[in-house]
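>>> After the sequence you'll find the predicted model.
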Amino acid sequence: MPPPAAPDGELKLTVPATGWDVPSDATIERRCDSDFAACCAFTTKTTLCTILQTPVPLNPTCNASSVCATPVFSWTAVANASGYALEVYTNASCSGSLAYQATLTANTTSWTLPGQLPEGVTCSWRIKAIGDNICYYCDSPFYTCCPFTVSSTPQTAIGLLEPPNGAVNQPLNPYLSWTPSPDATYYTVEIYTGSCSGMPQVSQNVYATEGVLSSSLGWGATYYWDIKGITGAGCAGATSDCGWFTTGAAYCP
């Protein structure tokens, strides 16, 4: 009995128990296993992965006082880290519910808190380096919990004195003065072309309660201004109300 044909027309050799005779004019195709590829050697690691070094907090330092309510956190870089995990707590022991957390890229060694911490409270933070996704480098341990105390914002209001609200014909470099804030180390004068919001056109630091604006303004324009007190820790303190004045028109004799 001749062998049955496969669906694709190739000869399918299914030998019955009693055997069969192959016709003299039949073509038989035979397929064999390939050889193995060349031997490929490799060496396993002696440990599951290399544990990364732990980053060290730089700012705020552990047990720091008078830290701004919106602090900038910074730490040392760690070689081979793929990123960093940072946690912030509103207690001194890095326990309980997280106040803020962030996963940051490998080239980032500072981060500004996107919100505000409670004033006068001892908070804490910790950070670790993150390994790769193939377990060649493992996450570092968290650095020891690092507590710090948030400063209280001074409540003394700053009053604008000169120029008075609605003043006209002011010079392009007006004289400005204001009442002091006891907790301010210096003041930031901000000039706006609209209400006192957004990006100021002029921002000038002054270590007194008066001064002449160093940047020239435009002729015949209305400007808005405010004063922000900055504490010795560099925190934003008291802020004045928003005042406004108009410069004089251009004069050509």
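Noted; the coordinates are in hand.
>>> Helix or strand, whichever it is, which one in this structure has the lowest mean pLDDT?
Ranked by mean pLDDT, DSSP states H and E, the helix or strand of the chain with the weakest confidence is strand 236-239, at a mean of 82.
>>> just checking, what packs against the helix or strand that it is followed by?
Downstream of strand 236-239, the next assigned helix or strand under DSSP states H and E is strand 243-247. Contacts of strand 243-247 with other secondary structure elements, assessed using 3 or more Cβ pairs under 8 Å, 6 or more residues apart in numbering; DSSP states H and E, are made with strand 167-170, strand 222-230. Any C-beta I mention is one placed from the backbone N, CA and C, and that applies to glycine too.
>>> contacts for strand 243-247?
Contact partners of strand 243-247, identified using Cβ atoms under 8 Å, 6 or more residues apart in numbering, comprise 160, 163-172, 174, 217-226.
>>> sorry, back to before: buried ones in the least confident helix or strand of the chain?
Neighbour-count burial for strand 236-239, counted by 16 or more other Cβ atoms under 10 Å, picks out Ala236, Gly237, Ala238, Thr239.
>>> and the two most separated of the residues you listed?
Greatest spacing in those, by Cβ to Cβ: Ala236 and Ala238 (8.7 Å).
>>> in the stretch 1-150 of the chain, what spans have low per-residue confidence?
Judged by pLDDT under 70, the stretch 1-150 of the chain has its weakly predicted residues at 1-30, 44-47.
>>> Strands of that one, residue ranges please.
Per DSSP state E, counting those that start in this stretch, the stretch 1-150 of the chain has strands spanning 50-51, 57-59, 64-67, 72-75, 83-89, 100-105, 110-112, 122-130, 137-138, 146-150. These are given in chain order.
>>> Just the CA atoms of stretch 97-111, as CSV, please.
What follows is stretch 97-111 as a C-alpha-only set of coordinates in CSV (Å, rounded to 0.1, in the frame of the first residue of the first chain):
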residue,chain,number,x,y,z
SER,A,97,1.3,58.6,57.1
LEU,A,98,3.5,60.3,54.5
ALA,A,99,3.1,64.0,54.0
TYR,A,100,4.9,64.1,50.6
GLN,A,101,6.8,61.6,48.6
ALA,A,102,8.7,61.8,45.3
THR,A,103,10.5,59.5,42.8
LEU,A,104,13.2,61.4,41.1
THR,A,105,15.5,60.8,38.2
ALA,A,106,19.2,59.8,38.5
ASN,A,107,20.5,63.2,37.5
THR,A,108,18.4,65.0,40.2
THR,A,109,20.0,65.8,43.6
SER,A,110,17.5,68.5,44.8
TRP,A,111,13.8,68.8,45.0
